[in-house]
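A.B. asks: I'd like to go over a predicted model; first the sequence, then the structure.
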Amino acid sequence: MLWSSITAVWWCSTAAPARTERQRAQAQRTNVSDVCLARRWPDAITNAVDPGWVRTRMGGGNAPVDLDTGQRTQSWLAVSDDPNAQVSGRYFRNMQPDTAADEVMDTDFQDRLMKQIA
């Protein structure tokens with residue numbers, strides 16, 4: 001099943017903190033879904049965002065990123081007139097494009113994943 005094999009892939013070039021299998025799988029599904037939405041509806045702007053390991057109830061008190069910093073990229077993409085924020089189908093971290101794993105941008109992989117969801 002594709003859903004179970006999807007958890008074996010790390011989705012960005014940035015080293016990640018340890019996550020539970022459930023957290024990692026959810027983040028991965030969301031990233032692929034965001035990129036798929038951009039492909040399906042090219043007039044809509046949608047991107048995948050990694051806020052980092054944020055101090056929240058879920059992230060815990062040892063997380064290095066405060067809540068304000070964690071939300072900046074999402075807010076910037078949502079309301080900015082900056083041409084760098086007016087793109088779609090990308091993966092962002094710290095208000096910069098980041099390199100997603102090859103699978104995220106692989107249209108065959110996206111199609112298989114979306115077929116499983118349907």
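C.D. replies: Great, that's in hand. Numbering: from 1, shown residues only.
A.B. asks: From now on I want contacts and neighbour counts done on CA atoms only, so please keep to that.
C.D. replies: OK.
A.B. asks: residues touching residue 55, list them.
C.D. replies: If you count contacts by CA atoms under 8 Å, 6 or more residues apart in numbering, residue 55 has them with 61-67.
A.B. asks: Tell me the most packed of the residues you listed, by neighbour count.
C.D. replies: Among these, residue 65 has the most neighbours (other CA atoms under 10 Å), with 17 neighbours.
A.B. asks: where exactly do the helices run in the protein?
C.D. replies: 2-6, 21-40, 67-79, 102-105, 107-117 (DSSP state H).
A.B. asks: okay if I get the contacts of residue 55 as JSON lines plus distance to residue 30 and pLDDT?
C.D. replies: Below are the contacts of residue 55 laid out as JSON lines (distance: CA to CA, whole Å; pLDDT from 0 to 100):
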{"residue": "61", "distance to residue 30": "24", "pLDDT": "91"}
{"residue": "62", "distance to residue 30": "24", "pLDDT": "91"}
{"residue": "63", "distance to residue 30": "21", "pLDDT": "90"}
{"residue": "64", "distance to residue 30": "22", "pLDDT": "93"}
{"residue": "65", "distance to residue 30": "20", "pLDDT": "93"}
{"residue": "66", "distance to residue 30": "22", "pLDDT": "95"}
{"residue": "67", "distance to residue 30": "20", "pLDDT": "93"}
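A.B. asks: how about those residues, which pair is most distant?
C.D. replies: Largest separation among the contacts of residue 55 by CA to CA: 62 and 67, giving 12.6 Å.
A.B. asks: Correct me if wrong: residue 91 contacts residue 101.
C.D. replies: No: assessed by CA atoms under 8 Å, residue 91 is found out of contact with residue 101, at 9.7 Å.
A.B. asks: Perfect, that will be all.
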